[in-house]
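> only geometry, no sequence info:
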């Protein structure tokens, strides 16, 4: 495949920016990454805060709220693109790097709907949709932007998620033990890395990580997240409520599978409440739901796992990690930071990597993860 950016290749062909705003929509993570052969070096990272009103609307739509008009969604598409561009500009100023030195930006965008089984859950017309106009990002930054990474995999029969197990494989696999990489964002997902070099890498979503806890905390305390898991730690697990939550059929589905806020949101929780639960007890139960479903999924799919490497915002919740470890006796649960990978920026680094793969014409998906019919080059290039 011819290089879509030739002949004006920037001075450093190994320098990329990765951008993502995840399910929690708690900020845009931006990573400046240098690739040297197969090595991936994080040079700088930055989290760009969303304006409050814009974040609230993105979360509402992500949870299934109706879009008022085509004008609204088109305007949001541009607004999100503008903020992704601002995140890039701040990152480069922080790093002291000029835009012309960056080969490309890999932008995940903001997911507003993820329906890999179709809107009617009948397998017809599957789709996933991320907004954040990449034309705007390229225009504002002057840097070629690769975006729309998920839809080709979905078109090929896959879930379009998770997309980063190949990077996890490159950075964190060991021949000495079976490992799992656990991303604790709004939704939790696992990458299974067997010690056997011939063993296939697998990955899938396990259910909610922080999205339900964050939403419950915001509604009842005004805080966007449960700092340190303090609210959950002050409550007691409601065993009956937990059982009602665990009866959700989605949890019993085998991989490949993926999900999002349109599946797990506060209306889903409230439909299972009796009405007399305390705020703290519900929070404790939602945390237990996250820990339990991750552990059940891991033990069901890779029982001999010896180490779980956690990343994402949930790493900063010691109560969540404590409960996860309690459900995984004999398994070491630790941050990816222990292995030299910043837990807050793993996903942003991954989209820098996916941009590099796209420009090289190499597949970015793993069919063993997503269920796609085969390897596919992911992403659309928007020249500077």
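Sure thing, it's come through. Since the model is a prediction, treat every value here as computed from it, not as a measurement.

> which stretches of the stretch 251-384 of the chain form strands?
Assigned by DSSP state E, counting those that start in this stretch, the strands in the stretch 251-384 of the chain fall at 307-311, 332-335, 380-382.

> buried sites along stretch 189-205?
Residues of stretch 189-205 classed as buried: 189-194, 201-205 (neighbour count, 16 or more other C-beta atoms under 10 Å). Any C-beta I mention is one placed from the backbone N, CA and C, and that applies to glycine too.

> quick check: mean pLDDT of stretch 278-290?
The predicted model assigns stretch 278-290 a mean pLDDT of 98.

> which other residues reach it?
Applying C-beta atoms under 8 Å, 6 or more residues apart in numbering, the contact partners of stretch 278-290 are 184, 188, 207-210, 212-213, 216-217, 220-221, 226, 229, 231-238, 241-242, 245-246, 269, 273, 277, 314, 317, 319-320, 323.

> can you list the buried residues in it?
For stretch 278-290, by 16+ other C-beta under 10 Å, it's 280-290.

> now the helices: where do they sit in the stretch 101-250 of the chain?
134-141, 151-155, 165-172, 211-221, 230-233, 239-246 (DSSP state H, counting those that start in this stretch).

> nearest to residue 336, out of those?
Among the helices of the stretch 101-250 of the chain, helix 165-172 comes nearest to residue 336, with 6.8 Å by C-beta to C-beta.

> and the pLDDT at the closest residue to residue 225 other than its chain neighbours?
In this structure, residue 225 finds its nearest non-sequential neighbour in residue 214, 4.9 Å apart by C-beta to C-beta, 6 or more residues apart in numbering. As predicted, residue 214 sits at a pLDDT of 94.

> pLDDT below threshold where in the stretch 151-300 of the chain?
Along the stretch 151-300 of the chain, the model assigns pLDDT under 70 to no residue.

> go with 90
224, 261-262 (pLDDT under 90).

> over to the stretch 1-150 of the chain?
Within the stretch 1-150 of the chain, the stretches with pLDDT under 90 are 1-13, 22-26, 36-40, 59, 62-66, 120-121.

> okay, domains of the chain per the record?
15-161+348-382, 165-339 (automatic domain parsing).

> mind checking the longest helix of the protein?
If you go by DSSP state H, the chain has its longest helix at helix 70-95.

> how about the contacts made by residue 219?
Counted by C-beta under 8 Å, 6+ apart, residue 219 has contacts residue 266.

> I meant residue 60, not that one.
Applying C-beta under 8 Å, 6+ apart, no residues contact residue 60.

> tell me how far residue 133 lies from residue 73.
11 Å (C-beta to C-beta, to the nearest Å).

> those two: who's more crowded?
Remark: of residue 133 and residue 73, residue 133 carries more neighbours, 23 against 14, as counted by other C-beta atoms under 10 Å.

> about what we covered before: buried sites along the longest helix of the chain?
76-77, 79-89, 91-92, 95.

> closest one of those to residue 107?
Out of the buried residues of helix 70-95, the member with the shortest distance to residue 107 (by C-beta to C-beta) is residue 84, at 5.6 Å.

> just checking, that closest one touches residue 132?
Yes - under the criterion of C-beta atoms under 8 Å, residue 84 makes contact with residue 132 at 5.2 Å.

> between those two, which contacts overlap?
Contacts common to residue 84 and residue 132, judged by C-beta under 8 Å, 6+ apart, are 21, 107, 109.

> can you flag which of those residues belong to strands?
21, 107, 109 (DSSP state E).

> quick one: which of the residues you listed is nearest residue 14?
So of these, ranked by how close each gets to residue 14 (C-beta to C-beta), first place is residue 107, at 18.6 Å.

> in PyMOL, how would I select the buried members of the contacts of stretch 278-290?
Buried members of the contacts of stretch 278-290, defined by 16+ other C-beta under 10 Å, are picked up in PyMOL with:
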select buried, resi 184+188+207+208+209+210+212+213+216+217+226+229+231+232+233+235+237+238+241+242+245+269+314+317+319+320+323
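
> on that earlier part again, and the longest helix of the chain, what other elements does it pack with?
strand 15-21, strand 28-36, strand 39-48, helix 52-62, strand 104-115, strand 127-131, helix 134-141 (3 or more C-beta pairs under 8 Å, 6 or more residues apart in numbering; DSSP states H and E).

> now the buried residues of stretch 278-290 in TSV, with distance to residue 367?
Shown next, in TSV, are these (distance: C-beta to C-beta, whole Å):
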residue	distance to residue 367
280	44
281	42
282	39
283	38
284	39
285	36
286	33
287	34
288	34
289	30
290	28
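
> residue 334: which of the residues you listed is nearest?
For the buried residues of stretch 278-290, the nearest to residue 334 is residue 290 (17.5 Å; C-beta to C-beta).

> ok, the closest one to residue 238 distance?
15 Å.

> swap in residue 307?
Taking C-beta to C-beta, one finds residue 307 at 31 Å from residue 238.
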